[in-house]
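Asks: sequence first, predicted model second:
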Amino acid sequence: RTLGWDQYPHGRWGDSRNPSYGALTDHQFTRPRGRGKKLQEEWAVPLKSVEDISERFTNFCQGKLTSSPWSELDGLQPETKIIDDQLVNINQKGFLTINSQPAVNGEKSDSPTVGWGGPGGYVYQKAYLEFFCAKEKLDQLIEKIKAFPSLTYIAVNKDGETFSNISPNAVNAVTWGVFPGKEIIQPTVVDHASFMVWKDEAFEIWTRGWGCMFPEGDSSRELLEKVQKTYYLVSLVDNDYVQGDLFAAFKI
């Protein structure tokens, strides 16, 4: 997860129709000095190929790196350890993950790994992935997804070319909780409009968050700019949070 859990209801994870849903500003590309130094140490390494780029993402999933240009947190969230092996596997295949959550079906809200929202409740999650990939890999994945009716996706490139198997008006709750004396709390949704706003920032990070670490004209910087222009950002949800397998579509 790339944003603080408590802010989800009014962050980019909330319903874009909420009046508190805001637009991007330049402050999102500024970082505390210590954090910028850590990113520089871990990500400003020579990049000769897309495999070198995949290695950075893979190392982050393995805990070998503690920072990511796409995350404000130090390292992965505890819940991500549930799907660590699967994340490493797909990153090695060129699906570069920047956000994820495992499926959760009625875990206690005080669970140290997936709990939230206070004691006495039960929490639920649909498995979710957000990643970048090349068009060729996207085409292959879309073809495989057809065999999994519980999977829904939105894919978009920097220029706004979009592929999806859901309505543009669909709003999909991917996290919710049931607590004593309260209505069902639904802090996290995936919807087309908010994803389109987020994609602008997500693609900008390739250059303003990572590429800027290299000098103008540097081959590593040029490679990142090429990826920014050609890759797709994909949101993938498995709506079967009881028996689903989000990663099945990535298996050969």
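Replies: Ah, there it is.

Asks: what's the average pLDDT for whichever helix or strand E204 is part of?
Replies: E204 is part of helix 192-204 when elements are defined by DSSP states H and E. Taken as a whole, helix 192-204 has a mean pLDDT of 96.

Asks: export stretch 187-204 as CSV, just CAs?
Replies: What follows is stretch 187-204 as a C-alpha-only set of coordinates in CSV (Å, rounded to 0.1, in the frame of the first residue of the first chain):
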residue,chain,number,x,y,z
PRO,A,187,-12.6,2.6,3.1
THR,A,188,-11.0,1.3,-0.1
VAL,A,189,-12.6,1.3,-3.6
VAL,A,190,-11.2,1.0,-7.1
ASP,A,191,-12.9,3.1,-9.6
HIS,A,192,-12.1,4.3,-13.2
ALA,A,193,-12.0,8.0,-12.5
SER,A,194,-9.7,8.0,-9.5
PHE,A,195,-7.4,5.5,-11.3
MET,A,196,-7.1,7.9,-14.2
VAL,A,197,-6.1,10.7,-11.8
TRP,A,198,-3.6,8.5,-10.1
LYS,A,199,-2.1,7.3,-13.4
ASP,A,200,-0.8,10.8,-14.2
GLU,A,201,1.2,10.8,-11.0
ALA,A,202,2.3,7.2,-11.3
PHE,A,203,3.8,7.7,-14.8
GLU,A,204,5.4,11.0,-13.7
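
Asks: list the buried residues of it.
Replies: Residues of stretch 187-204 classed as buried by neighbour count (16 or more other CB atoms under 10 Å): 187-192, 194-196, 198-199, 201-204. From N, CA and C alone the C-beta is placed, and that goes for glycine too.

Asks: moving C-terminal of the helix holding E204, what's the next helix or strand?
Replies: Next in line after helix 192-204, if elements are assigned by DSSP H and E, sits helix 219-230.

Asks: what's the offset of that next one from the middle of its chain?
Replies: On the basis of CA atoms, centre = their mean, to the nearest Å, the separation between the geometric centre of helix 219-230 and that of its chain is 20 Å.

Asks: quick one: end-to-end distance for stretch 123-131.
Replies: 25 Å (CA to CA, to the nearest Å).

Asks: tell me the buried residues in that stretch?
Replies: Buried-residue list, stretch 123-131, by 16+ other CB under 10 Å: V123, Y124, Q125, K126, A127, Y128, L129, E130, F131.

Asks: need the contact list for the spatially most distant residue from the centre of the chain.
Replies: Of all residues in the chain, the one whose C-alpha sits farthest from the chain's mean C-alpha position, using CA atoms, centre = their mean, is G181 at 32.4 Å. Listed by CB atoms under 8 Å, 6 or more residues apart in numbering, the contact set of G181 is empty.

Asks: likewise for F95?
Replies: The contact partners of F95, by CB under 8 Å, 6+ apart, come to L129, F131, F132, C133, K137, L141, V234, F250.

Asks: tell me which entries of these lie within strands.
Replies: Among these, the subset assigned to strands under DSSP state E consists of L129, F131, F132, C133, V234.

Asks: from those residues, which is closest to K37?
Replies: Set against K37, the nearest of the ones in strands among the contacts of F95 by CB to CB is F132 (24.8 Å).

Asks: am I right that L236 is in a strand?
Replies: Yes: assigned with DSSP: H, G, I helix; E, B strand; the rest coil, L236 falls within a strand.

Asks: how about the contacts made by it?
Replies: Contacts were defined as CB under 8 Å, 6+ apart; by that measure L236 touches Y128, L129, E130, F131, I145, L151, T152, Y153, L246, A249.
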